[in-house]
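Visitor: Test case, fold it:
(chains A and B)
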Amino acid sequence: MRHLSLKYITLVVAMCASALLSLSIGPRQDVFLSDLLSAFATDELSINQSIIFDLRLPRTFVAILVGANLGLAGMILQAITRNPLASPSILGINQGAALGMTLGLVFPSIILLNLDFMAILGALIAGALTFSFANSAKNGFNSLRLILAGIAVGAFSYAMVRFTFILDDDLAREVIGWTSGNISASNWQDVKPLIVWTLLGIISSYLLAHKFNLLALGEAASQGLGANPKLIQFMGAVIAATLTAITVAVAGPVMFIGLVIPHFCRRFFGQDHRLLLPATMLAGALLMSLADIVAKLINFPYETPTGIICALIGAPYFLYQSLTVKGAKL
Amino acid sequence: MSIKKYLTSAVALAMVGMASLVNAGEITHELGVTNVPDAPKRIIVLEFSFIDALASVGVSPVGIADDKKRDRVIPAYTDVIGNEWVSVGTRKTPSLEIMASLNPDLIIADKTRHSAVYEALSEIAPTIVLDSLSGNYPESVEQMSIIGKAIGKSEQMEARVAAHKATMKDYIAQMKNTGNYVAQFGVTNKTGLFLHSPVSYNGSLLELFGFKSNMVKTNGDTYDENYVETSLEQLSVVNPDILILGKYADPAHTDSWAEEPLFKQLTAVKNGNVYNITAHNWSRLRGMLAAELTAADLLEIMKKVK
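Guide: Now for the predicted structure:
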């Protein structure tokens, strides 16, 4: 157990270090971390204090929360499908959320509540479609069909999003602005709902974590141990879809975190979902804040969408992992 | 020489003569040289600056890529070219089918947007390609002469260009002390602020009037180098004395900054030198009439600058 807590501490320290590094990087080079510390001691913020407190800090928070939510969503999806390929982007949920928002932008009259809610709606519908294609009355739930259905739903949703790129410049620019995984314009208004949803996600998935362990034994076995596999799968899917949608609403569809992070964490923390839960959240946050640092530096002083950087880091790792894991079931 | 031979050579000569009448103009443009009929009657234009060119010599196009919004062709143009044109779709993806159905004898296309469909356009009609979207102001005036030649109205166009240059000189003379100010133009929609860099059309216009710029001047002419998405922190680095904004949305992204301490501390904001202009006229239109509209706006702004 001491061994395990050491791993957690390593993750926490790495995440805090990358968050602090990200905070100290920006187009204004006269702003330092010390401005953040002194910001807490004064009532009236100076300009440098305001830059780091009002502009950079919420952005770093968004990066951390988006990464944590996607890591968690990926873990839940892999648990309930018992499929190592399951992740928000492979099951089409990411793209469904982007489509929900895009529809809201193109047809403002159909917006229910707000754009965030449109993203959640899109994610839930895409997830529901994917899962219903994977479930057939005759053969039951099929893991391979799940992935194929997810790819189809995702490709369709993203094709619809991309269709708007050929529409009028202004509309296209707005859709790209919302869906390109750019968090450079984040502010405290984005952080508040994200914190609320993340807390709800943590609590509900922690309550389900033990059930996920039972599910890993197989549907029949878990039923024998008193779990209701269909209900757990349904609840898990709704939580994962909502967590994903809320990240899409602030940061656009960020791929690969949900796929890579659970694999990475299982390597070091084992198969128990109660231990994996904090690990996937911390590691997801770490990857996203590292990506954020690279996004700020790669074309300095201009920004590169963080989503692209995530894919640049995540894709090679996933390849490495698939090639090196012994007896992989992929 | 027999009479027959005389006749044949006479016919041949006549044919050569007629051919040279029909194909009077070899026009050199961004993608090569195109043979353009002497005085094209049915012209399709795929960018707003080309409307500006035709309107300045009183020619009406049969088709315009007007983004399917007819009011994007402003009254200053419709007063001259009328309202009879057919919309051929958006500037980004104009409809080849509608264009073909109009039987054009000249198409004027944009380098950035339409290079990829140049072959297809050329099959419909002789096509010339000019750098409107990512070109700067001096280039846009040079393009006026090319278009004048292509539509067989060189003399008229040169006269208009000369008048335009005199008008602009007059504006420049009226705006004094511009060299004391860093001026920056940007458009803002719901999600972002896009600054027009010194290499862009509007950037080069501000330079012509003597304003300074704090943005890094790049060599490239890609879309992203012309129109740079800018966060509040980046804007505070540019920190212009005069900030000119074109808003495509209400409320625009920059309005969400109103209460930010960093925004309030910008030199332009502190001194009350933030000015709103008509985004469409500045950022989508270019050409001579468009530049004169911009100049008139700038003159008004300079009268108010504190």
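Visitor: check contacts around the residue in the stretch 1-150 of chain B that chain A sits nearest to.
Guide: Distance from chain A to each residue of the stretch 1-150 of chain B (Cβ to the nearest Cβ) is smallest for B:Thr93, at 4.9 Å. All C-beta spots, glycine's among them, are computed from the backbone N, C-alpha and C. Going by Cβ atoms under 8 Å, 6 or more residues apart in numbering or on different chains, B:Thr93 touches A:Ile166.
Visitor: Could you do B:Tyr171 as well?
Guide: By Cβ under 8 Å, 6+ apart, the residues touching B:Tyr171 are B:Phe209, B:Glu292, B:Ala295, B:Ala296, B:Leu298, B:Leu299.
Visitor: burial of A:His279, as a residue count?
Guide: For the record, residue A:279 is Ala, not His. By the criterion of other Cβ atoms under 10 Å in any protein chain shown, A:Ala279 has 23 neighbours.
Visitor: Let me know the helix or strand that it is in.
Guide: Element membership for A:Ala279 (DSSP states H and E) is helix A:273-297.
Visitor: picking up where we left off before, any chance of TSV for the contacts of B:Tyr171, columns pLDDT, secondary structure and neighbour count?
Guide: TSV is the format used below for the contacts of B:Tyr171 (pLDDT from 0 to 100; DSSP: H, G, I helix; E, B strand; the rest coil; neighbours: other Cβ atoms under 10 Å in any protein chain shown):
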residue	pLDDT	secondary structure	neighbour count
B:Phe209	95	coil	20
B:Glu292	96	helix	16
B:Ala295	96	helix	20
B:Ala296	96	helix	13
B:Leu298	95	helix	26
B:Leu299	95	helix	15
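Visitor: Report the separation between B:Val86 and B:Val59.
Guide: 16 Å (Cβ to Cβ, to the nearest Å).
Visitor: what bits of the stretch 101-250 of chain A have low per-residue confidence?
Guide: For the stretch 101-250 of chain A, applying pLDDT under 70 flags the ranges A:137, A:181.
Visitor: Look at the closest residue to chain A within the stretch 101-250 of chain B and give its secondary structure.
Guide: At 3.4 Å from chain A, B:Thr191 is the closest residue in the stretch 101-250 of chain B, using Cβ to the nearest Cβ. Three-state call for B:Thr191 (DSSP: H, G, I helix; E, B strand; the rest coil): coil.
Visitor: so which helix or strand takes in the nearest residue to it once chain neighbours are set aside?
Guide: Counting by Cβ to Cβ, 6 or more residues apart in numbering or on different chains, A:Gly177 is the residue found nearest to B:Thr191 once chain neighbours are left out, at 3.4 Å. Using DSSP H and E, A:Gly177 sits within helix A:169-179.
Visitor: could you say what helices and strands that helix packs with?
Guide: helix A:93-106 (3 or more Cβ pairs under 8 Å, 6 or more residues apart in numbering or on different chains; DSSP states H and E).
Visitor: and chain A, which of its residues are near chain B?
Guide: A:26-28, A:45, A:47, A:50-51, A:54-56, A:166-170, A:172-174, A:177-178, A:184-185, A:187, A:301-303 (Cβ under 8 Å from any Cβ of the partner chain).
Visitor: Buried subset of those residues as a ChimeraX selection?
Guide: To isolate the buried subset of these in ChimeraX, counting by 16 or more other Cβ atoms under 10 Å in any protein chain shown, use the following:
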select /A:26,27,28,45,47,50,51,54,55,56,167,168,169,170,172,173,174,177,178,184,185,187,301,302,303
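Visitor: got the CA positions of stretch B:292-305 in CSV?
Guide: Written as CSV, here are the backbone C-alpha positions of stretch B:292-305 (Å, rounded to 0.1, in the frame of the first residue of the first chain):
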residue,chain,number,x,y,z
GLU,B,292,-12.3,55.4,-49.9
LEU,B,293,-15.0,54.4,-47.4
THR,B,294,-12.3,53.2,-45.0
ALA,B,295,-10.4,56.4,-45.4
ALA,B,296,-13.5,58.5,-44.6
ASP,B,297,-14.1,56.4,-41.5
LEU,B,298,-10.4,56.9,-40.4
LEU,B,299,-10.7,60.7,-41.0
GLU,B,300,-13.7,60.7,-38.6
ILE,B,301,-11.8,58.7,-36.1
MET,B,302,-8.8,61.0,-36.2
LYS,B,303,-11.1,64.0,-35.5
LYS,B,304,-12.2,62.2,-32.3
VAL,B,305,-8.9,60.8,-31.1
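Visitor: I would like the residues contacting it, please.
Guide: By Cβ under 8 Å, 6+ apart, stretch B:292-305 touches B:76, B:164, B:167-168, B:171, B:174-176, B:178, B:181, B:202, B:205-206, B:209, B:242, B:244, B:273, B:275, B:277-278, B:281-282, B:285.
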